[in-house]
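Q: Got a sequence here, can you build the structure:
(one chain, ligands or ions: 1)
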Amino acid sequence: MRMFWRKASAVAMIALACVTCAVAQSSGKPVKLEVDLREAPRRIYHAKMEFAVKPGPFALVYPKWIPGEHAPNGPIVDVTGVKFLANGREVQWRRNTVDMYAFECTVPAGAETLEATLDYLLPAEAGAAGVPSSSAQLAVLPWNLVVLYPRDSKSDDVKFSAKLRVPAGWKFATALPVTKQSSEGIEFETVSLTTLVDSPVLTGAHMNTYDLSPGKNPAHRLNTAADSAAMAEAPPEQITILRQLVAETGALFGARHYRHYDFLLALTDHLQTNGLEHHESSDNRVPERTMHDADLTEAAMDLLPHEFFHSWNGKFRRPEGLATPNYQEPMRDELLWIYEGLTQYYGVILAGRSGGWKPEELHEYIAVTFARVDARPGRTWRDLEDTAISSQLLYSAREAGSSWRRPVDYYEESELIWLDADTLIREKTGGKRSLDDFCRAFYGGEGSEPRLVPYTLDDVVTALNAIATNDWKKFFEVRIHSHGPGAQLAGLERSGWKIVFNATMNEHEKSEESAGHLVDTEFSLGFSAHYPGSENSDEVADVVFGSPAAKGGLAPGMKLVAVNGRKWNPDILREAILAAKSSKEPIELLVENEDFYQTVKVDWHEGERYPHLERIVGKADLLGEIAKAKAPAVR
Ligand SMILES: [Zn+2]
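A: Prediction:
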């Protein structure tokens, strides 16, 4: 998964005990599944399933732990219209009183099949009920939203034969093999529940498909669906970058573990920006103008490389705590600093190697990312490993308070760990070997169809030692348990670069600001606020714990009204920060706190402050070497 400027959302998590009773009674016959998306624009998905059963106690469960989401967040609250039918008569079900995801019933004598129907109500906005998956013009179907399966069965063992209807005139794309297509619907190859849930469908009124590896096997495709025909068109330069990305992963791993790969890209302002990895595809959701707006393109450049890298790290190979037999068994997230962290590192590096980010763009991304991690006050109480262990809480945590709580830092902070490892290997081997050699050995091997090979931390340590001898266990332990002050920037320095601050805005922050409509003074006053007239207009989104703004009394949720007596906007705020450099007076923020107005005085006289990378004199530019294309240029 890859998360971006998230909207604040609070999700209630329900702690559940695991219960086992009433062993599932299903035969080996595939479950017949029919899904109707024709009402997707009004946010309802309909599903009907037919299970082969025997008379007696029977229980069906709704997927709870969703792969790639690392949390027990299957959106059960919006599963409605649940009805069971056998022998042509309704069968009473009762929800398990402890496990909200389990529906229990007794199959009547003589019945060989049980029909189950449900409607899934899609939320219009991200929140406690989950995330939206459809707009008026497109829809994404992660199959876990609409399936039930026999309790206690393994998702590899349960087979599904799925049939799908989409709105008239809409096209579709999925990694799932199609066997038949007619006006009555689309029929898919019978697959395991694992493959079904791993193969979402993107459908929409405006769709295009682009070949990313012409004439080559396996095939790679970019499938776009947008809220308008114009925005579904991928500019040729974007296709060149993605073709180079495909070539770069070939050079990196030397093997692929899929039959074909489909990027599914939903371009709409009505879904939350996100990416979710799958073995043979990825479910990517970005703002509608992403392929046609320089700031949006820049801000999302590492998304597709990140999700693609997951096909190797996350799907083919996965930490054993995340390789669960079904979607009810709890996942253990402690190695997400490898699953997500290494992926985040290579997502960024591959954005550079494929030409998506030019060197100076990569530098600006790294500068702001590492400066943020370095300044994170929450590191003093919570170590990096704890952000991974508690990711099931942190994914749904609101933005406000994130500097002290810590967000899902095992993405960004782990980039430092892996840059550290990469540069250390290069140093120890005199530039002969690198982290790429580890990737090739650990994730490459023989090319294959999708399969899962779990790993432990010891496996990673052993594989790294085969590339360059080092006490890798201790190397990782120090880094995942460090409290600072400050992050461990040794890897950045070994790569030939250091972070410096000046008053020139960081270009990556500028893109983020433009894309998120959020002014950010995190390295000076220490707060961010939503642009006037934007969603959550004028609201203080977050205040850095211990910052000058926090000391002055500013808090998230307050509304900014005026700066130094003048109605605020981002320019007025920046002018006030500049003016305070030559003044002893504090900057005065007039804020609305619920029904009350108050003036917050911020004592800051050092002007605007933004991070950038600067070369360390006398050190080789290893970062440049790492981010340089490794495959021949495609055209
Ligand atoms: Zn990810």
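Q: For residue 83, give me its contacts.
A: 90, 116-118 (CB atoms under 8 Å, 6 or more residues apart in numbering). No exception for glycine: its C-beta is placed from N, CA and C like everyone else's.
Q: ugh, wrong one, I meant residue 469
A: Taking CB under 8 Å, 6+ apart, we find residue 469 in contact with residue 428.
Q: can I get the contacts of residue 83 in CSV with distance to residue 502 and neighbour count?
A: Converted to CSV, the contacts of residue 83 look like this (distance: CB to CB, whole Å; neighbours: other CB atoms under 10 Å):
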residue, distance to residue 502, neighbour count
90, 71, 10
116, 62, 23
117, 62, 15
118, 57, 22
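Q: ranges for the strands of the stretch 201-350 of the chain?
A: Ranges of strands in the stretch 201-350 of the chain, per DSSP state E, counting those that start in this stretch, are 201-204, 206-211, 219-226, 260-267, 274-277, 281-286, 317-319.
Q: quick check: mean pLDDT across the third one?
A: Averaging pLDDT along strand 219-226 yields 98.
Q: So for residue 66, which of the strands of the stretch 201-350 of the chain sits nearest?
A: Nearest to residue 66, of all the strands of the stretch 201-350 of the chain, is strand 274-277, at 8.5 Å by CB to CB.
Q: Give me the sheet partners of that closest one and which way each runs.
A: strand 2-3 (antiparallel), strand 281-286 (antiparallel) (DSSP bridges).
Q: Please name the residues that touch residue 200.
A: Each residue near residue 200 by CB under 8 Å, 6+ apart is listed here: 140-143, 174, 264, 276, 278, 281, 283.
Q: For those, give me a markdown table that also has neighbour count and distance to residue 250.
A: Compiled in a markdown table, these are given as follows (neighbours: other CB atoms under 10 Å; distance: CB to CB, whole Å):
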| residue | neighbour count | distance to residue 250 |
| --- | --- | --- |
| 140 | 27 | 28 |
| 141 | 26 | 30 |
| 142 | 23 | 28 |
| 143 | 23 | 30 |
| 174 | 22 | 24 |
| 264 | 28 | 21 |
| 276 | 21 | 23 |
| 278 | 27 | 19 |
| 281 | 28 | 18 |
| 283 | 24 | 23 |
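Q: between these, which is closest to residue 152?
A: residue 143 (19.9 Å).
Q: residues in contact with the closest residue to the ion within the stretch 101-250 of the chain?
A: Using CB to the ion, the single residue of the stretch 101-250 of the chain nearest to the ion is residue 198, 14.4 Å away. Residue 198 sits next to 67, 175, 278-280, 315, 450 when contact means CB under 8 Å, 6+ apart.
Q: Backbone dihedrals for residue 567, both of them.
A: Residue 567 adopts backbone torsions of phi -50, psi 130, taken as degrees, to the nearest 10.
Q: I'd like to know how many residues surround it.
A: Residues lying near residue 567 (other CB atoms under 10 Å) number 12.
Q: thinking again about what came up before, please report phi then psi for the residue of the stretch 101-250 of the chain closest to the ion.
A: Per degrees, to the nearest 10, the backbone of residue 198 is at phi -90, psi 0.
Q: Any idea which helix or strand in this protein has the lowest mean pLDDT?
A: Across the helices and strands of the chain, mean pLDDT, DSSP states H and E gives its lowest value to strand 2-3, namely a mean of 68.
Q: which SS state does the spatially closest residue to residue 491 that is not a sequence neighbour fall under?
A: Closest residue to residue 491 apart from its sequence neighbours, by CB to CB, 6 or more residues apart in numbering: residue 420 at 3.0 Å. Using DSSP: H, G, I helix; E, B strand; the rest coil, the secondary structure recorded for residue 420 is helix.
Q: So what would you say the end-to-end distance of stretch 61-74 is?
A: Taking CA to CA, to the nearest Å, the first and last residues of stretch 61-74 lie 11 Å apart.
Q: err, stretch 513-532, not the other one
A: Taking CA to CA, stretch 513-532 runs 13 Å from one end to the other.
Q: residues from this structure in reach of the ion?
A: Residues of the chain lying close to the ion by CB under 5 Å from the ion are 1-2, 340.
Q: can you rerun that using 8 Å?
A: Residues of the chain that fall close to the ion, judged by CB under 8 Å from the ion: 1-2, 68, 275-277, 306-307, 310, 314, 339-340, 343-344, 347, 411.
Q: Out of those residues, show me where the pLDDT dips lowest.
A: The weakest per-residue confidence within the residues of the chain next to the ion falls on residue 2 (73).
Q: quick one, helices of the stretch 101-250 of the chain?
A: 193-197, 236-253 (DSSP state H, counting those that start in this stretch).
Q: Ok, the stretch 501-635 of the chain next?
A: In the stretch 501-635 of the chain, the segments counted as helices under DSSP H, counting those that start in this stretch are 507-516, 548-552, 570-579, 622-627.
Q: what's the least confident stretch among the ones you listed?
A: Of all these, mean pLDDT reaches its minimum on helix 507-516 (a mean of 91).
Q: How far off centre is that helix?
A: Centroid displacement of helix 507-516 relative to its chain, using CA atoms, centre = their mean, to the nearest Å, is 19 Å.
Q: Measure how it sits relative to strand 281-286, angle-wise.
A: Put simply, helix 507-516 runs at 80 degrees to strand 281-286, going by axes from the mean of the first three to the mean of the last three CA atoms, to 10 degrees.
Q: Count the residues that sit near residue 615.
A: Neighbours around residue 615, by other CB under 10 Å: 14.
Q: Revised request: answer the last question for residue 608.
A: Neighbours of residue 608 (other CB under 10 Å): 19.
Q: can you check residue 618 too?
A: Neighbours of residue 618 under the rule other CB under 10 Å: 6.
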